[in-house]
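Chemist: quick one, what's the 3D model for this:
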Amino acid sequence: MNNFGERLDKTTVRFERLLPGPIERVWEYITQSDKRAKWLAGGATDLTIDGLVELNFHNASLSPLPDDEPPQKYCSDPEKSSFSGHVTRCDPPHLLAHTWEFAEHHSEVEYSLSEQDDKVLLVLTHRRLKDDDEVLSVSGGWHAHLDILGDVLDGQTPRPYWRTHTALETEYASRLDLT
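Modeler: Next up, the predicted model:
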């Protein structure tokens with residue numbers, strides 16, 4: 001399976017990962033704050049339609065390994081940041097979709113889970129991205145976070161976020177012809 005995401009259209013990217021199951025375990029790592037904080041961001045998730053989703057990021061804390069500083073593009077961002085959204089669809093343990101609310105722009109993330117023998121296929125789709133720069137940032141970011149999720153679920157030491165993200169963002173700029 002190719003771990004690189006694909007651009008479905010100008011505002012949408014999709015990623016697929018085959019993860020160790022069972023499906024309920026992967027669902028917990030998507031929906032439970034303490035488990036989601038190990039690979040993406042902590043914060044409560046109310047699994048009802050229009051329920052609040054909190055995403056409290058601290059990328060530097062995702063791995064005990066030494067990491068690089070954030071690239072220049074992200075240096076002005078705070079080390080810890082928070083976003084919120086609202087649940088738009090929820091069918092445990094198979095589907096969660098929620099808005100991702102930036103200042104004046106709302107995109108949508110969808111996590112779809114299906115069983116594949118003893119594995120779980122995660123299909124993550126991020127829609128309504130505002131421009132090529134956001135597509136590039138989101139592509140490198142999701143890829144790095146999903147790699148870390150795979151590390152965590154496999155019982156491996158999670159790789160450093162920024163070092164991983166920086167290399168991936170460079171690769172996506174080439175792959176998506178955004179250089």
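
Chemist: pLDDT weak spots in the chain?
Modeler: 1, 78, 179 (pLDDT under 70).

Chemist: so where do the strands sit in it?
Modeler: 6-9, 12-20, 52-57, 81-91, 95-101, 106-116, 119-127 (DSSP state E).

Chemist: could I get the ones you listed as CSV with mean neighbour count and distance to Ala41?
Modeler: For glycine as for every other residue, the C-beta is placed from the backbone atoms N, C-alpha and C. Compiled in CSV, these are given as follows (neighbours: other C-beta atoms under 10 Å; distance: least, C-beta to C-beta, whole Å):
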stretch, mean neighbour count, distance to Ala41
strand 6-9, 13, 23
strand 12-20, 18, 16
strand 52-57, 19, 4
strand 81-91, 16, 8
strand 95-101, 19, 11
strand 106-116, 17, 11
strand 119-127, 19, 14
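
Chemist: figure out which of those strands is closest to Glu134.
Modeler: The closest of those to Glu134 is strand 106-116. By C-beta to C-beta, the value is 7.8 Å.

Chemist: helices and strands around that closest one, which ones?
Modeler: Where contact means 3 or more C-beta pairs under 8 Å, 6 or more residues apart in numbering; DSSP states H and E, strand 106-116 is packed against helix 23-31, strand 81-91, strand 95-101, strand 119-127.

Chemist: out of those, which gets nearest to Phe15?
Modeler: Phe15 sits nearest to strand 119-127 of all those, at 4.7 Å, using C-beta to C-beta.

Chemist: want to throw the strands of the chain into JSON lines with distance to Leu65?
Modeler: Shown next, in JSON lines, are the strands of the chain (distance: least, C-beta to C-beta, whole Å):
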{"stretch": "strand 6-9", "distance to Leu65": "29"}
{"stretch": "strand 12-20", "distance to Leu65": "21"}
{"stretch": "strand 52-57", "distance to Leu65": "18"}
{"stretch": "strand 81-91", "distance to Leu65": "21"}
{"stretch": "strand 95-101", "distance to Leu65": "27"}
{"stretch": "strand 106-116", "distance to Leu65": "26"}
{"stretch": "strand 119-127", "distance to Leu65": "24"}
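
Chemist: what's the nearest residue to the residue most central in space within the chain if we skip its chain neighbours?
Modeler: Nearest residue to the geometric centre of the chain (C-alpha atoms, centre = their mean): Trp142, 3.9 Å. Leaving aside its chain neighbours, Trp142 sits nearest to Phe15 (5.6 Å; criterion: C-beta to C-beta, 6 or more residues apart in numbering).

Chemist: and the one you found, how far from Leu121?
Modeler: Counting by C-beta to C-beta, to the nearest Å, the gap between Phe15 and Leu121 amounts to 11 Å.
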